[in-house]
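> The amino acid sequence is not available; the structure is as follows:
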């Protein structure tokens, strides 16, 4: 093993008790109601970051969408299936649900 991965000290999600302790510490420094009022005041001044924060807390953060299509462009890699043996081709066809049709025309 190369020393990476596995169980490590401090890894993983912090306990609920740690989260509560942090919230209590923050509340002892600043009044949460005042913090929201100050955030709203910034929103009224059209502060973009304040508006973004307000909307994300009020309505939830939208899901990130990633376009993984190639828009008919090559992705920089071509596959030469003629170099595969029958066993490898059968495994590839099985991975594609038995659909062995090609998108290219001969």
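Structure received. Small disclaimer: the values here were computed from a predicted structure and weren't measured.

> C-alpha from now on. contacts and neighbour counts both.
OK.

> list the buried ones in stretch 33-43?
For stretch 33-43, a neighbour-count test (16 or more other CA atoms under 10 Å) marks 39, 40, 42, 43 as buried.

> now the residue positioned nearest the centre of the chain: how far from residue 89?
The geometric centre of the chain, computed from its C-alpha atoms, lies nearest to residue 64 (CA atoms, centre = their mean), at 6.9 Å. Separation of residue 64 from residue 89 (CA to CA, to the nearest Å) stands at 35 Å.

> Next: residue 60.
46 Å.

> State the next helix or strand along the chain beyond the host helix or strand of residue 53.
Element membership for residue 53, per DSSP states H and E: helix 48-59. Downstream of helix 48-59, the next assigned helix or strand under DSSP H and E is helix 86-95.

> Next, the buried residues of that following helix.
Per 16+ other CA under 10 Å, helix 86-95 contains these buried residues: residue 92.

> quick check, distance from it to the centre of its chain.
Chain-centre distance of helix 86-95: 31 Å, with CA atoms, centre = their mean, to the nearest Å.

> Tell me which other helices or strands it touches.
Judged by 3 or more CA pairs under 8 Å, 6 or more residues apart in numbering; DSSP states H and E, helix 86-95 is in contact with no other helix or strand.

> what's the model's confidence in that helix, averaged?
Per-region confidence: helix 86-95 scores 83 on mean pLDDT.

> how near is residue 51 to residue 34?
17 Å.

> cool, residue 14 as well?
27 Å.

> now residue 54
If you go by CA to CA, the gap between residue 54 and residue 34 works out to 14 Å.

> Over to residue 11?
In terms of CA to CA, residue 11 sits 34 Å off from residue 34.

> what's the answer for residue 66, then?
37 Å.

> Kindly report the same for residue 82.
On the measure of CA to CA, residue 82 and residue 34 end up 68 Å apart.

> Ok, residue 49 next?
18 Å.

> swap in residue 96?
57 Å.

> Also residue 43?
For residue 43, the distance to residue 34 - CA to CA - is 14 Å.

> what do you get for residue 16?
Residue 16 is 25 Å from residue 34, by CA to CA.
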